[in-house]
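J.: I need the structure of the sequence given here:
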Amino acid sequence: MTAMLTPFSADGSVNFSEAARIAKYLVDEQQNDALVVNGTTGESPTLTESEKLHLLEMTLETVGDRAAVIFGAGSYATAESIHMTREGTRLGAHGIMLVNPYYNRPGQDGLYAHFRAASEATDLPVMLYNIQPRSAINLETATLMRLISDVPNIVAVKEASGNLAQISEVIGLAPEGFRVYSGDDGLTLAVMALGGHGLVSVAAHVIGRELKELITSFEKDPARARQIHHSLAPVIRELFANPSPVPVKVALAARGFDCESVRLPLVELSPNSKSKLLKVTESFT
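T.: Below is the predicted model:
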């Protein structure tokens with residue numbers, strides 16, 4: 001699944017018609033099974049509530065009949081996370097994603113209380129999003145296992161901690177049916193080898209077909225999966241050589257989408273970085 005970017009018009013407003021076009025492209029051409037709306041790649045901290053909800057409605061209307069649409073409802077405020085979870089549920093999202101509360105660093109007991117309160121605000125399946133590099137706190141394995149045990153609709157975790165030892169521990173301890181997704185494009189093969197279920201991707205905006213082949217071929221043809229992994233490594237490196245999602249917006253704009261603009265505090269790529277990026281992505285068009 002792809003954490004979908006948010007396109008902005010020249011005046012800085014969300015370009016909803018282009019977002020619909022991107023959603024269709026991601027499902028129909030890049031072969032995504034699901035889209036995450038209002039994630040970090042969608043520049044969620046800069047979006048208003050009405051923008052977030054309209055993006056969800058638009059995505060459901062455009063591709064909701066052939067792909068799962070997951071709504072990023074989490075923030076650093078538990079009350080807001082509960083409210084957005086309820087709103088996403090009301091509008092028909094297929095699932096909810098809840099990120100570690102960022103900036104306020106609540107500790108493990110706080111993480112447990114936060115995730116439990118937001119998850120219990122819906123009957124939809126919930127995917128937690130563990131991303132220590134952005135949230136400054138790690139969802140530790142013991143806390144996650146406690147949440148899985150106590151809150152039945154927490155059914156998955158997007159692991160973007162970069163800690164393969166922890167990811168291995170989670171996969172080994174989690175009950176059957178609980179899904180662990182890689183949150184790092186470059187670690188997809190490693191997470192699959194440990195028993196992971198799939199990927200929540202940024203790079204799939206431009207190499208979705210290839211990433212899907214990596215995932216689906218892993219069990220029957222691991223040599224092919226390794227070959228794909230190594231062929232994609234230069235693209236993934238450049239897509240994360242500058243603050244995300246700036247590079248992926250440039251790469252997708254090169255394919256004819258009006259999506260290069262970003263909202264401050266993000267800024268556009270330098271000409272040199274842009275040139276390097278497009279050089280490695282052009283062969284995958």
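J.: Y76 contacts R105, doesn't it?
T.: No. Counting by CB atoms under 8 Å, Y76 does not reach R105; the two are 9.4 Å apart. Every residue, glycine included, has its C-beta placed from N, CA and C.
J.: who has more neighbours, these two?
T.: Neighbours were counted for Y76 and for R105 using other CB atoms under 10 Å; Y76 has more, 17 against 13.
J.: that one - nearest residue in space that isn't next to it in sequence?
T.: Sequence neighbours aside, P101 is the residue nearest to Y76 in space, at 4.4 Å (criterion: CB to CB, 6 or more residues apart in numbering).
J.: cool, and I207?
T.: Sequence neighbours aside, F284 is the residue nearest to I207 in space, at 5.3 Å (criterion: CB to CB, 6+ apart).
J.: tell me how far that neighbour lies from E29.
T.: Going from F284 to E29 by CB to CB, to the nearest Å gives 12 Å.
J.: what is the neighbour count of F257?
T.: 19.
J.: dump the residue contacts of it.
T.: P7, E18, R21, I22, Y25 (CB atoms under 8 Å, 6 or more residues apart in numbering).
J.: ok, now with 6 Å
T.: By CB atoms under 6 Å, 6 or more residues apart in numbering, the residues touching F257 are I22.
J.: assign it to helix, strand or coil.
T.: coil (DSSP: H, G, I helix; E, B strand; the rest coil).
J.: distance of it from D65?
T.: Noted for F257: a distance of 22 Å to D65, by CB to CB.
J.: got a pLDDT number for P125?
T.: pLDDT recorded at P125 is 98.
J.: what about the helices in the stretch 1-150 of the chain?
T.: Secondary structure of the stretch 1-150 of the chain, counting by DSSP state H, counting those that start in this stretch: helices at 16-28, 49-63, 78-91, 107-119, 132-135, 141-150.
J.: can I get the ones you listed in a markdown table with distance to V69?
T.: Supplementary listing: the helices of the stretch 1-150 of the chain in a markdown table, determined by distance: least, CB to CB, whole Å:
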| stretch | distance to V69 |
| --- | --- |
| helix 16-28 | 9 |
| helix 49-63 | 5 |
| helix 78-91 | 9 |
| helix 107-119 | 18 |
| helix 132-135 | 23 |
| helix 141-150 | 23 |
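J.: for V248, which of those helices is the nearest?
T.: Of all the helices of the stretch 1-150 of the chain, it is helix 16-28 that lies closest to V248, at 11.1 Å by CB to CB.
J.: so which bits of that closest one are buried?
T.: Buried residues in helix 16-28, counted by 16 or more other CB atoms under 10 Å: F16, E18, A19, A20, R21, I22, A23, Y25, L26, V27.
J.: and the third one, how far from N32?
T.: Per CB to CB, A19 is found 14 Å from N32.
J.: nearest to L252, out of the helices of the stretch 1-150 of the chain?
T.: helix 16-28 (7.2 Å).
J.: what residues does that closest one touch?
T.: So helix 16-28 is contacted by T2, P7, N32, M58, T59, T62, V63, A67, F257, D258 (CB under 6 Å, 6+ apart).
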